[in-house]
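Participant: predicted model and sequence follow; I will ask about them next.
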Amino acid sequence: MTWEGTFEPGVFGPPEGTLELRNLRGVVGGRLGQPPAEVETLRVEGGSIAAVGAAPADADVIVDAAGAVAAPGLIDTHCHVVFGDYTPRQHAIGFLESYLHGGVTQVMSASEVHLPGRPSDRAGVKALAVAAERAWSSFRPGGVKVRGGSVICEPVLEREDFAELAGQGVRYMKVGFGAFRDPAEAAPLVGWARQAGLVVMSHSGGASIPGSSPITVEHLLAMDPDIAGHANGGTTSLPDADLERLLAESGMAVQLVQAGNLRSALHLLRRAAERGQLDRVILGTDTPSGTGVMPLGLLKTVAELASLGGVPPADVLALATGNAGRVMRVQEGVLEPGRPADLLLLQEPRGGTQPDPLAALAIGDLPGIAGVLVDGAVRVLRSRNTPAPAREATVKGRRATRWPR
């Protein structure tokens, strides 16, 4: 890692300044069917992508990417956050900051269900969601954006509660941990939540924690959430025939996770590709959980699906970026002007057999991360978790004069 200039390692670059990435080998846009483009320069202004491929110009911060491929930051659509950068499930501190070193720039809460003593009464369920939304809106561990405060669907909630929660900024709901005798009883609440504008994710497959229930394909079809969470198991998958029913009989997004069944994930991926429905597939880790804390979990899933699933690496990256952002209704996930500059610099791993990072993913090797930017600010250069990148990025310029968090 090489630092030049007067700043210290850490947060530098926009939000209010300008940054240029130079000496890129190309960019991956984050959209399905969009091949990598040969681009050498990318410009960021005020935290957003300003230009892709324009001629170099003066900038407050200049990053020499040393031949890296730029890609959107990965979005983990199934992360069990609680409060702060701490998981009581695995007694681990700093796990989200470590996930940043695995290329994850944003996570979506799968509800703060692991909070010790979490409330289940009507007022408490709402209060937990609002408090988590507020806390995560003001706290970015290492720079990771946490879309927190996913309300837990409980039978005590009433129709008017969802409009109230939406008015308080709560944007998500998770089904599968509530005290329903039959998961199908949650169907009216799913409808109320979606009418209020919340994105609803449901548990899928076998039970995962004490007190929860299996959720079958019949339950999912009856509830009709936005997302069939960990369709390949969290940790027990739905049967193959039921995975195919999800694709054939619904329009919901289907989520594949690292903590689930790899064979089932590959089966669903291939069927979605055959049906022309890859736009419905999103990725997550379903961690921290019994599987543990996995800083490279999402990148590992990308490598597994790209090397075994018959889908080009750029399209698998789109499942974890552009697809995820669209389903979550956020602007991140696509590399184009006007979008937030959440970016990765990917290199083939040092000592590997392939000439570029996408080729490395195609044979199941993890690329080396040579840089991570969030809102155009460099948060990481050489990752401490991935293999060493073949070439390291260097930075020069002025330290940011203002950064809100």
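Facilitator: Received it, and whenever you're ready, just let me know what you need.

Participant: need the helices for this protein, in chain order.
Facilitator: Ranges of helices within the chain are 95-100, 122-137, 159-167, 187-195, 217-223, 240-249, 262-274, 297-308, 313-319, 322-328, 357-362, based on DSSP state H.

Participant: got TSV for those, with mean pLDDT, distance to residue 348 and mean neighbour count too?
Facilitator: C-beta coordinates here come from the backbone N, C-alpha and C atoms, glycine included. Output for the helices of the chain, formatted as TSV (pLDDT from 0 to 100; distance: least, C-beta to C-beta, whole Å; neighbours: other C-beta atoms under 10 Å):
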stretch	mean pLDDT	distance to residue 348	mean neighbour count
helix 95-100	97	21	24
helix 122-137	97	35	18
helix 159-167	98	45	17
helix 187-195	98	43	19
helix 217-223	96	40	20
helix 240-249	96	33	16
helix 262-274	98	24	19
helix 297-308	98	13	23
helix 313-319	98	12	27
helix 322-328	98	23	24
helix 357-362	98	5	23
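
Participant: turn these into TSV, columns for distance to residue 43.
Facilitator: Below are those laid out as TSV (distance: least, C-beta to C-beta, whole Å):
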stretch	distance to residue 43
helix 95-100	23
helix 122-137	28
helix 159-167	36
helix 187-195	38
helix 217-223	44
helix 240-249	40
helix 262-274	35
helix 297-308	26
helix 313-319	22
helix 322-328	20
helix 357-362	22
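
Participant: looking at these, spot the one closest to residue 203.
Facilitator: helix 217-223 (9.1 Å; C-beta to C-beta).

Participant: which elements pack onto that closest one?
Facilitator: helix 187-195, strand 199-202, helix 240-249 (3 or more C-beta pairs under 8 Å, 6 or more residues apart in numbering; DSSP states H and E).

Participant: just the strands from the stretch 301-405 of the chain, written as ranges.
Facilitator: 343-347, 368-374, 377-380, 394-397 (DSSP state E, counting those that start in this stretch).

Participant: need the winner for burial among those.
Facilitator: The highest average neighbour count among the strands of the stretch 301-405 of the chain, using mean count of other C-beta atoms under 10 Å, belongs to strand 343-347 at a mean of 30.

Participant: what strands line up against it, and which way round?
Facilitator: Take DSSP bridges as the rule and strand 343-347 pairs in its sheet with strand 69-72 (antiparallel), strand 368-374 (antiparallel).

Participant: how does this protein divide into domains?
Facilitator: Annotated domains of the chain cover 2-20+38-72+340-397, 74-328 [automatic domain parsing].

Participant: Throw those into a markdown table and include distance to residue 32, thanks.
Facilitator: Output for those, formatted as a markdown table (distance: least, C-beta to C-beta, whole Å):
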| stretch | distance to residue 32 |
| --- | --- |
| domain 2-20+38-72+340-397 | 13 |
| domain 74-328 | 5 |
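
Participant: give me the nearest residue to the residue nearest to the spatial centre of the chain, chain neighbours excluded.
Facilitator: The residue lying closest to the centre of the chain (C-alpha atoms, centre = their mean) is residue 75, at 1.6 Å. Spatial nearest neighbour of residue 75, chain neighbours left out: residue 324 (3.9 Å); criterion: C-beta to C-beta, 6 or more residues apart in numbering.

Participant: and the one you found, what does it touch?
Facilitator: By C-beta atoms under 8 Å, 6 or more residues apart in numbering, the residues touching residue 324 are 75, 77, 108, 282-283, 333.

Participant: just give me the closest of these to residue 130.
Facilitator: Closest to residue 130, out of all of these and judged by C-beta to C-beta, is residue 108, at 17.1 Å.

Participant: what number of residues lie near that closest one?
Facilitator: Burial of residue 108 is recorded as 28 neighbouring residues (other C-beta atoms under 10 Å).

Participant: list the contacts for it?
Facilitator: Contacts of residue 108 (C-beta under 8 Å, 6+ apart): 75-79, 147, 150, 172, 201, 284, 324, 328.

Participant: out of those, who's nearest residue 236?
Facilitator: Minimum distance to residue 236 across those is 15.2 Å, recorded for residue 78 (C-beta to C-beta).

Participant: where does the chain have low pLDDT?
Facilitator: 1-12, 208-212, 398-405 (pLDDT under 70).

Participant: how does it look with 50?
Facilitator: Along the chain, the parts satisfying pLDDT under 50 run over 1-9, 400-405.

Participant: ok, residue 384 - how many residues close by?
Facilitator: Neighbours of residue 384 (other C-beta under 10 Å): 11.

Participant: without its sequence neighbours, what residue ends up closest to it?
Facilitator: Going by C-beta to C-beta, 6+ apart, residue 384 has residue 101 as its nearest residue, at 5.2 Å.

Participant: surely the one you found and residue 299 touch.
Facilitator: No: Residue 101 is not in contact with residue 299 according to C-beta atoms under 8 Å; the separation is 10.0 Å.

Participant: tell me, what's touching these two both at once?
Facilitator: residue 386.

Participant: returning to what we had before: out of the helices and strands packed on helix 217-223, which is closest to residue 344?
Facilitator: For the helices and strands packed on helix 217-223, the distance to residue 344 is smallest for strand 199-202, at 24.3 Å, taking C-beta to C-beta.

Participant: that closest one pairs with which strands, and in what direction?
Facilitator: strand 172-175 (parallel), strand 227-228 (parallel).

Participant: quick revisit: just the contacts of residue 324 now: which is nearest residue 43?
Facilitator: Nearest to residue 43 among these, counting by C-beta to C-beta, is residue 333 at 19.2 Å.

Participant: which residue comes closest to residue 24 once chain neighbours are left out?
Facilitator: Per C-beta to C-beta, 6+ apart, closest to residue 24 is residue 65, 4.9 Å.
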